[in-house]
Each structure stands twice: as structure tokens, then as C-alpha cells.
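Undergrad: Pasting the sequence and the predicted model now:
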Amino acid sequence: TNQFIFKDYPKYFICNAYFHDDVQGFPILMHNHSFYEINIVTSGSGWHYIENQCIKAKLGSVFVIPPNVRHGYYTEDPHSFNIFHILLSSYFMGKYKEELESIEGYKTMFEIEPTLRSNLRKTVFLILSENELSYFEKDFTELTDFSKNQSYANNVAIVGKTIYLISRLCSLLLNHHGDILRKNAPDNNSRIDILNILSSIEYIQNNFAQKITIDDLAKNAKMSRSLFIKQFELYTKKTVNDYVINTRIEKSLNLLDSNYSISYIAQECGFFDSSHFSRYFKKVTGKTPLEYKKSVIVKKDKNIKF
């Protein structure tokens, strides 16, 4: 079935798309997976449960679910509820990482907004209009048809269509943010603050290897230092310094799965030296970088089959 598509296509699976409707049935019970998923509500409405949060799933709502995040859906009208799914394998995310990260708005949609959604109650997330849904209808159907007949030859079309859709969705998200910034209304200030915090987070994600100061981030967010610190902690549930450190640690994990030295990785991820890196790495992960590196090697060895 579609739910087990990665198991079904181990040799050449890259992406998969399908519509989940009343044939597959609702509710979709809480579950998690090791891959990214894009969900778009194409008809009806319901509720999307993400970890411990319950979020309204309106017509046109776009959700990006990162790996290992528990989620599920419920609706009172299963016959009209339909969710378009795009499943993105880790192979796809790795192989096309450079192309994806070159898309403006990609990091906001895939790396920043999903982690903040439960903390943000204002409408800064992407909800497609009925006209936009109609525009994408042919693309959704084509990608679904490609997915039903997966082969090495079909992969070119699947990858091309998937990257195109991701690019268009990111573009629409930025347009939505632009509309918020241009809107002059009393109730709009808090949403503008949210977008300025999102911009600061994206700055951290893009410049984690450089020196980052709260003063620079506050200036980038067009806020006073004190207001920025307060707003940042409100929306991320972390201090600015903790967020920067956690981002650097997260970025270091991929490099530790390589032949690079600990001192080189420390420098590449914005730490003063290897001891500075090791101290914070152990504080966050419970292991030293060297212990983590060895555990990755052992895991790889166990996965080797002869």
C-alpha cells in the first residue's frame, strides 16, 4: 500500500505522491517516519495533530512534516476530506540538497516553520487559495500517476515535477509573507514580528559558521535588543544563544559522518576550537564528538551485508 512505499520500492524509490481520501480512510492515526512529507488539503477540512498540538487543517493548508515527527489527521466528514501527500526519501533530500537549498524560501518552509508551528498561532503559514489549488490540480495528478508506475526511467519526471512543486510552494509562501508585511492593519504587527524572527532564524541557519551576535540579529529583525530577545524566546522556546549552539551542533552531525578531523569540524561549524565544540556537543547530545563519530562508524559496519 502507499503507506509502505519505501519498503515496496527499495531499489529505485526517490519520491512518491498519492491522494489520501475516504477510500484509505480516516482518521490517520498518529505515526512518524524517517523521511520528509508534504501534505496539502485539497478538499474538506479536519484537524492535524502534530506531536502534542492540534491544528486546523483547512482547505489549501500546506504542512511540511520533518522526519521523526509524530502526526495524524481527524475529520468529522471523511467523505469530503482529501489530503495530497508527497513523500520525499532521504536519498532525494541528500542527492538534490544543493538544488533545494538554492530555492528561495526553502529553508523557511522545510527547516524553520515546521519546528515553530506549534508555537505560532498567527496566520503566517501557507494556505493555498481555491484558484491556486486548481492551478496545481494537473501537477498533483501527474505526479500521482508517475508514482504509480515507478521505474528508473520515470524517476527523471518524478524528480523534475517534485522539485518544481517545492519551488512553487516556496515562492507562494514568500508571496504570502510579503502580503503580510505590506498590509497596514492594527492586528498585523504581531505577524510582522513573527516574520522578522523567522528572518533572523534563517540568518542563523545560513551563517552558523560565522560570528553571530544578538545585536546583529536584533538589527536584522528591526527590533530593539530587549524586544528581540523576548520575541525570539516566545516563538522558539529557546534563548538566542541556545538556538545558535543547537544549530551548530545539528550542522556538525553530518560532518562527523565523514573523515574530517574534530578540529576541522569545530571550525567549520562556528566554534572557537575543538575543546569549545566538545564541551557544547556533550552538553547537547550526551556524547563527545569523538564518541558520536565512533558510534556512527559502528552503525555503518553493522549495516554492511556480504
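TA: Here it is on my side, so go on.
Undergrad: what bits of the stretch 51-200 of the chain have low per-residue confidence?
TA: For the stretch 51-200 of the chain, the stretches flagged by pLDDT under 70 are 118-124, 181, 183-189.
Undergrad: So residue 180 belongs to a strand, correct?
TA: No: according to DSSP: H, G, I helix; E, B strand; the rest coil, residue 180 belongs to no strand; its state is helix.
Undergrad: Cross-check the contact I'm expecting between it and residue 191.
TA: Yes: Residue 180 is within contact range of residue 191, at 5.1 Å (criterion: Cβ atoms under 8 Å). No exception for glycine: its C-beta is placed from N, CA and C like everyone else's.
Undergrad: Determine which residue lies closest to the centroid of the protein.
TA: residue 110 (2.5 Å; Cα atoms, centre = their mean).
Undergrad: show me what contacts it?
TA: For residue 110, the contact set (Cβ atoms under 8 Å, 6 or more residues apart in numbering) comprises 36, 64, 66, 100.
Undergrad: swap in residue 42?
TA: 19, 59, 82, 83, 84, 133, 137, 140.
Undergrad: repeat that with 10 Å
TA: Residues counted as contacts of residue 42 (Cβ atoms under 10 Å, 6 or more residues apart in numbering) are 19-21, 59-61, 81-84, 128, 133, 136-137, 140.
Undergrad: quick one: which of these sit in strands?
TA: Judged by DSSP state E, the subset of these located in strands is 19, 20, 82, 83, 84.
Undergrad: So what's the gap between the helix or strand residue 107 falls within and the chain middle?
TA: For residue 107, the host element (DSSP states H and E) is helix 106-107. How far helix 106-107 lies from its chain's middle: 8 Å, per Cα atoms, centre = their mean, to the nearest Å.
Undergrad: Remind me what that helix packs against, helices and strands.
TA: On a contact count with 3 or more Cβ pairs under 10 Å, 6 or more residues apart in numbering; DSSP states H and E, helix 106-107 meets helix 97-101, helix 155-182, helix 189-206.
Undergrad: Surely residue 63 forms part of a strand?
TA: Yes: under three-state DSSP, residue 63 sits within a strand.
Undergrad: count of neighbours near it?
TA: As a burial measure, residue 63 scores 21 neighbours (other Cβ atoms under 10 Å).
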